[in-house]
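Student: When you get a sec, could you give me coordinates for this:
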Amino acid sequence: MKQDDKARAVAAAELLIGAREGPLLSAFPETCRPRDEAEAYRIQDEVAARLGPIEGWKVGASGPDAIPNCAPLLAGSVLSSPARIPSEGLSLRGVEAEIAFRFAKDLPPRTQPYERPEVLAAIESACVAIEFCECRFRDWQTLDPISKLADSNMNQALIAGAEWYDWKGLEVAAQPVVMSFDGRRVIDRRGGNTAGDLFRMLVWLANHLSARGPGLRRGLIVTTGSWGGMPRAENAERVDVEFAGIGAASLSFVERRR
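Tutor: Numbering: from 1, shown residues only. Now for the predicted structure:
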């Protein structure tokens with residue numbers, strides 16, 4: 001890596017970390033704005049080096065043939081359901097219904113690509129998950145995709161439900177999913193994950209992390225994208241997600257005790 005590339009990534013990471021506690025950013029300055037996905041991933045690396053260790057990954061794709069992308073789940077961001085999240089300082093309150101997978105075997109870096117059977121054999125279990133999204137930029141709707149990727153694709157937390165071991169039988173197109181805000185249904189559908197084949201994304205992630213160096217370690221959780229978009233919880237106090245036959249997860253927004 002060129003020294004200039006390193007300096008750009010460090011500068012962008014420091015801005016993102018500052019925006020987690022302080023004022024949100026309007027945009028990256030041109031001196032450190034990521035110019036491509038490679039730079040966005042370098043910024044992720046620099047943020048993770050300061051806020052890690054990494055507890056998991058999020059991976060998604062805009063369509064069944066689209067190339068996926070990914071972002072790390074940072075230290076303290078993977079929570080067990082039911083979870084409680086402080087309501088102060090939140091600007092987005094985006095929530096996504098997802099299915100996540102827990103890995104029981106290491107998939108370390110190597111020159112030979114990982115094939116689908118080997119990646120699936122490394123999975124221990126799956127679970128219903130809620131991805132909680134916040135953005136370190138003021139206007140997330142107009143944020144360019146590369147800057148959004150550098151900002152861990154807006155991940156703030158992942159709430160994981162109980163272990164589910166019959167994950168090989170998952171039929172994405174036929175799977176019912178319900179999301180509710182304070183008991184009011186905001187998603188009620190079958191299917192809805194734009195990637196289609198969730199396992200294709202896990203294979204891609206294993207090879208992406210193998211090529212970049214860290215590999216995919218046992219014990220990590222990997223969530224695989226939204227089923228039904230990202231509704232905003234706004235004034236809701238509780239979010240519930242249920243995948244029939246698989247399980248459920250919930251989160252509540254609470255005030256900090258003074």
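Student: okay, CA-based contacts and neighbour counts for the rest of this
Tutor: Fine.
Student: buried ones in the longest helix seen in the chain?
Tutor: In the chain, taking DSSP state H as the definition, the longest helix is helix 3-21. Within helix 3-21, the residues that count as buried by 16 or more other Cα atoms under 10 Å are 8-13, 15-17, 19-20.
Student: With stretch 110-124 instead?
Tutor: 114, 119, 122-124.
Student: Kindly report the same for stretch 45-53.
Tutor: For stretch 45-53, a neighbour-count test (16+ other Cα under 10 Å) marks 45-48, 52 as buried.
Student: if we can go back for a sec, give the rounded mean pLDDT of the longest helix of the chain.
Tutor: Mean per-residue pLDDT for helix 3-21: 94.
Student: could I have the helix or strand following it exported to PDB, CA atoms only?
Tutor: Toward the C-terminus, helix 3-21 is succeeded by helix 37-51 as the next helix or strand (DSSP states H and E). Presented in PDB, the C-alpha positions along helix 37-51 are these (Å, rounded to 0.1, in the frame of the first residue of the first chain):
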ATOM      1  CA  GLU A  37     -14.200  -0.200  -3.100                       C
ATOM      2  CA  ALA A  38     -10.600  -1.000  -2.300                       C
ATOM      3  CA  GLU A  39     -10.200   2.300  -0.500                       C
ATOM      4  CA  ALA A  40     -13.500   1.800   1.300                       C
ATOM      5  CA  TYR A  41     -12.300  -1.500   2.600                       C
ATOM      6  CA  ARG A  42      -9.000   0.100   3.700                       C
ATOM      7  CA  ILE A  43     -11.000   2.600   5.700                       C
ATOM      8  CA  GLN A  44     -13.000  -0.200   7.300                       C
ATOM      9  CA  ASP A  45      -9.700  -1.800   8.300                       C
ATOM     10  CA  GLU A  46      -8.500   1.400  10.000                       C
ATOM     11  CA  VAL A  47     -11.800   1.800  11.900                       C
ATOM     12  CA  ALA A  48     -11.700  -1.900  13.000                       C
ATOM     13  CA  ALA A  49      -8.100  -1.500  14.100                       C
ATOM     14  CA  ARG A  50      -9.200   1.200  16.600                       C
ATOM     15  CA  LEU A  51     -12.700  -0.100  17.500                       C
END
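Student: What is the subsequent helix or strand relative to helix 37-51?
Tutor: Next element after helix 37-51 (DSSP H and E): strand 56-60.
Student: Residue nearest the middle of this protein, spatially speaking?
Tutor: residue 58 (3.2 Å; Cα atoms, centre = their mean).
Student: And the closest residue to that one other than its chain neighbours, how far from residue 87?
Tutor: Spatial nearest neighbour of residue 58, excluding adjacent residues (Cα to Cα, 6 or more residues apart in numbering): residue 223 at 4.8 Å. Residue 223 sits 23 Å away from residue 87, going by Cα to Cα, to the nearest Å.
Student: who has more neighbours, these two?
Tutor: Comparing residue 223 with residue 87 by other Cα atoms under 10 Å, the one with more neighbours is residue 223, at 29 against 15.
Student: picking that back up, so which elements touch the longest helix of the chain?
Tutor: helix 37-51 (3 or more Cα pairs under 8 Å, 6 or more residues apart in numbering; DSSP states H and E).
Student: For the closest residue to residue 36 other than its chain neighbours, give me its contacts.
Tutor: If the residues on either side of it in the chain are set aside, residue 36 comes closest to residue 146, at 6.4 Å by Cα to Cα, 6+ apart. Counting by Cα atoms under 8 Å, 6 or more residues apart in numbering, residue 146 makes contact with 34-37, 40.
Student: which of the residues you listed lies closest to residue 24?
Tutor: residue 34 (17.5 Å; Cα to Cα).
Student: ok, how many other residues are close to the closest one?
Tutor: Neighbours of residue 34 using other Cα under 10 Å come to 24.
Student: Repeat that for the one 4 residues further on.
Tutor: Neighbours of residue 38 under the rule other Cα under 10 Å: 12.
Student: now do residue 171
Tutor: Neighbours around residue 171, by other Cα under 10 Å: 14.
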